[in-house]
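# Sequence first, predicted model second:
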Amino acid sequence: MPNNPAARLSPEQLEKNFEDINPPLTPAQALEEGSRCLFCHDAPCIKACPTEIDVPQFIRQILTGNRRGSARTILGANILGQSCARVCPTSVLCEGACVLNAQGRKPVEIGKLQRYAVDPVIASGIQLFKAGAANGYRVALIGGGPASLSCAAELRKRGYETVIFDANPRAGGLDTYGIAAYKMRAQDVEKEVAMVRGLGVEIRNETLVGRDISIAQLEQDFDAIFLGIGLGATDDLQIPGEELRGCRDALSFIEETKSKTLGEVQVAKRIAVIGGGNTAIDVVTAARRLGAQEVYMVYRRGPEEMSAFDYEYELAKKDMVVFWWQALPVRVIDDGHGRVAALECVRTERGAKDARGRNSFVPVPGSEFQLEVDMVIKALGQKRKTDFLRQIAALELKNGCVVVDAGTMRTSHPKYFAGGDCVNGGGEVVDSVAHGKKAAAGIHKALEATAGKRAHAGSKH
Amino acid sequence: MPDLSIDFCGVRSPNPFWLASGPPTNTAYQIMRAFDAGWGGAVWKTIGEPIINTASRYGSIDLKNERMMGLNNIELISDRPIDVNLREIAEVKKRFPKNTVVASLMVESKRETWHDIVRRTEDAGADLLELNFGCPHGMSERGMGAAVGQVPEYATMITGWVKEVARTPVIVKLTPNVTDIAHMAAAARAGGADAVSLVNTFNSLVSVDLDTYAPRPSVGGLGSHGGYCGPAVKPIALHMVSAVAKHPKVKIPISGIGGIGNWRDAVEFILLGSTSVQVCTAAMHYGFRIVRDMIEGLENYLEDKGMSSVMELVGKSVPRIEDWGNLDLNYKIIAKIDAGKCIGCNLCYIACEDGAHQCIRVEERPRGDLRHGVDLKHVPHVLEDECVGCNLCALVCPVPDCITMVQVDTGRPHMSWKQLQEARGKSSQCSAEELLAGSTKPHH
């Protein structure tokens, strides 16, 4: 329990605060919006989608009343099309590429149309895809997030036996645990996972590789292994006071809002959130919606350097979050009882451009100030899971990320393929799905396409 | 302010906008509302022995989210007693003496019956009579409507009967469900018609319910062909009006009908020879208030064109309708794409590639998104030497004025197909290409 806990809101109020920020389209809205699509040839929206969903085609299918076909077009390219419809940063992907932008018109709301097509099909539990005839190969997938789900689904279509080893009680990875509740609820992801299971993908939850089953065992039992392990815990601030009660990390906070009922999540009256990415926005908005009275977003650079998308920033502004730009935390102050009393920061100035072209920041001596808060939430980058990865022989890493062949997603260890955040250091759900798809093709190329089907295809190990 | 009033067979109407005979002109109540709204005239819903209608009566087609691009009906003529309709005509004329009231008539094909209805209608004060020889459904099964309008001899005969007693001008309303509507117009003229109105509705079956297998509109699970109208039929109606306007044996005023919904549509019909225009579907869709913009739009148009009367427009485009054989084969245009305006949808490319003449090229679009600063706009280009000037790319282009068709001077003389045939006769040894180039001697 933090100092000064915020009053808990009523369940009705919480429901209202966390209601879907992008409510589904009605049939009339879908028809109107879909009618705006020009049905471009070699459409840029397809090319801007990492999973290359045939957007004009699925919109046309909505318009002709072929919603199941539309869902098939989407999910055939992206098995997590339901999640992506909700969480994709469409303004920099498909919708950002829509040709209507060039005419000064509003782009077609592709994300919303995708949701319109997919939601009822997923909800109905119709199995749109069939597993291929068993080819005798077995693939283990480590991690239960979008990359593994996508890879496993693609492999099943080709007849591979697939087993996902997931440390969490529920599959979906950050899709289940890391997306703000007003964008997607954990139960939405469950239906999507059910569809993947329906293809015959085995998912072993609460099974941590290295603890519950050894890497060596997997290497022995499976013909290929896919690493979809994502990233680790939030980076440390490495400042004094970080260990105080009331100082916590963003991912576990979001996870709490997704795995508990909202009424069970306790926030303080005043909270400082450190970071400038989309996760930081998720935290500040969630904190406000849970009842925190004052929420500060503390970022060492300015708004231009923030990695959060513009529409995310807008969300935070609407939730009346207070932004402290050019402010670098230097210590968390103890209230004398081991709990957070304040966050001390120092002002920064812009320095020279760094290698990525961003302005660096330079602390201004003597400009320290304190924010009286009862909770500090760290929304920094995530640590790499290098300890785990180093257990795999000859696995090449770069900056803690797994190095892969971009075409096949094969790692330096020929048995291992990888995708998702453990490869790109943290991307969108749709990037992970694309990696998974590509890896499945890479695995197929390495196994059946090269060696042919196994004689004992169909038999159980 | 330009004068919108027209002279139609000697009847003065405040403007050329008339409501066509149909559901909007069923009662005096409706017609008076229409005149209050600004309509110049109205053709009363066809008067005859009252009928009994079915439910439902209408079906329509939509284009994406645009409703009622085409409307189909199986409704018959007036279901109200003749004397009620006539009494109401008298009342409307009393209250709106300047507006044009046209009585649409349809009775059995007996001379006395026609004589009787004509006399009674004229006594009620109708300005004009319109003989409904067009209704394609229901009435035609009873030997009326299109059953008359599809047989030129009948049309001539019945028009003749009417003219025996009529003191007011007689319009014959034509059905488009014939091989040559101009021939039917000539038949009406031969019977003494003072004017023709066209088109009535097209035989149609508007759609079938995919779940019940019943056609629409469905009457207890069964359907019957109906009459089709609305925006979708406008081009066909325009052609028919122009054909009648050009026919040397017609040469009587035309009241144009078919998919007219705004002043622009009306101007097109007038340019092709209509003196008045009739509107039904658009009024059924949006109500009588649409006439306000029709009036104002036409006034502004005439003003912009420096014309003082709408009558100056009538038939202005008729001389520009020619036989295909008289069109210049040496007139050449090619497509030009304005790269600045192009939004990169590639619709021109795929239309030309799959649907036309493979004269547009575009690079395959690279993959990538805005996160990586990839600009996915790709501008197609026209292979100008290959372009046949068909216009398809400009038609599919969603950006106004992005693709324009530019005339290319071929330096060749005017050469129509008919001229080419003549030249072939004179210089049979020349190739078509040589003849088109104006050569009369072969180059071997």
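Here it is on my side, so go on.

# Give me the nearest residue to residue B:352, chain neighbours excluded.
residue B:360 (4.2 Å; CB to CB, 6 or more residues apart in numbering or on different chains). Glycine gets a C-beta too; all of them are placed from N, C-alpha and C.

# surely the one you found meets residue B:382?
Yes. Using CB atoms under 8 Å, residue B:360 makes contact with residue B:382 at a distance of 5.6 Å.

# These two: which is more packed in?
residue B:360 (24 against 19; other CB atoms under 10 Å in any protein chain shown).

# can you pull the contacts of the more buried one?
B:335, B:348, B:349, B:352, B:353, B:380, B:381, B:382, B:383, B:393 (CB atoms under 8 Å, 6 or more residues apart in numbering or on different chains).

# same question, residue A:328
Residue A:328 touches A:300, A:345, A:346, A:347, A:348, A:361, A:363, counting by CB under 8 Å, 6+ apart.

# Tell me how far the closest residue to it other than its chain neighbours lies from residue A:237.
Once flanking residues are discounted, residue A:328 sits nearest to residue A:300: 4.4 Å by CB to CB, 6+ apart. Relative to residue A:237, residue A:300 is positioned 11 Å away (CB to CB, to the nearest Å).

# Tell me which stretches of the stretch 201-350 of chain B form strands.
Assigned by DSSP state E, counting those that start in this stretch, the stretch 201-350 of chain B shows strands spanning B:202-204, B:207-208, B:215-216, B:226-229, B:254-257, B:274-279, B:332-337.

# what would the ones you listed look like in TSV with distance to chain A, mean pLDDT and mean neighbour count?
Shown next, in TSV, are the strands of the stretch 201-350 of chain B (distance: least, CB to the nearest CB, whole Å; pLDDT from 0 to 100; neighbours: other CB atoms under 10 Å in any protein chain shown):
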stretch	distance to chain A	mean pLDDT	mean neighbour count
strand B:202-204	22	96	20
strand B:207-208	13	96	15
strand B:215-216	15	94	20
strand B:226-229	22	96	26
strand B:254-257	29	98	30
strand B:274-279	26	98	29
strand B:332-337	14	97	19
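
# Turn those into JSON lines, including distance to residue B:432.
JSON lines is the format used below for these (distance: least, CB to CB, whole Å):
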{"stretch": "strand B:202-204", "distance to residue B:432": "39"}
{"stretch": "strand B:207-208", "distance to residue B:432": "46"}
{"stretch": "strand B:215-216", "distance to residue B:432": "49"}
{"stretch": "strand B:226-229", "distance to residue B:432": "41"}
{"stretch": "strand B:254-257", "distance to residue B:432": "39"}
{"stretch": "strand B:274-279", "distance to residue B:432": "40"}
{"stretch": "strand B:332-337", "distance to residue B:432": "16"}
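
# closest one to residue A:444 among those strands?
strand B:332-337 (42.1 Å; CB to CB).

# The closest one - contacts with which helices or strands?
Judged by 3 or more CB pairs under 8 Å, 6 or more residues apart in numbering or on different chains; DSSP states H and E, the packing partners of strand B:332-337 are strand B:381-382, helix B:392-396, strand B:403-408.

# any low-confidence regions in chain B?
Per-residue confidence for chain B (pLDDT under 70) gives these ranges: B:376, B:443-444.

# before we move on, what about the stretch 351-461 of chain A?
A:455-461.

# Which part of it gets nearest to chain B, residue-wise?
Going by CB to the nearest CB, chain B is nearest to residue A:428 of the stretch 351-461 of chain A, at 8.8 Å.

# Quick one: residues contacting that residue.
A:50, A:87, A:88, A:89, A:93.

# Which of the residues you listed are buried, as a PyMOL select command?
Filtering those down to the buried ones (16 or more other CB atoms under 10 Å in any protein chain shown) takes a single PyMOL command:
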select buried, chain A and resi 50+87+88+89+93
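
# If we check chain B, which of the contacts of residue A:428 are in contact?
Applying CB under 8 Å from any CB of the partner chain to the contacts of residue A:428, one finds that A:50, A:89, A:93 fall near chain B.

# Do you know the pLDDT at the first one?
Spelled out, it's residue A:50. Looking at residue A:50, its pLDDT stands at 97.

# Just to check, residue B:244 is in contact with residue B:181?
Yes. Between residue B:244 and residue B:181 there is a contact under CB under 8 Å: 6.3 Å.

# Kind regards, and thank you for your time.
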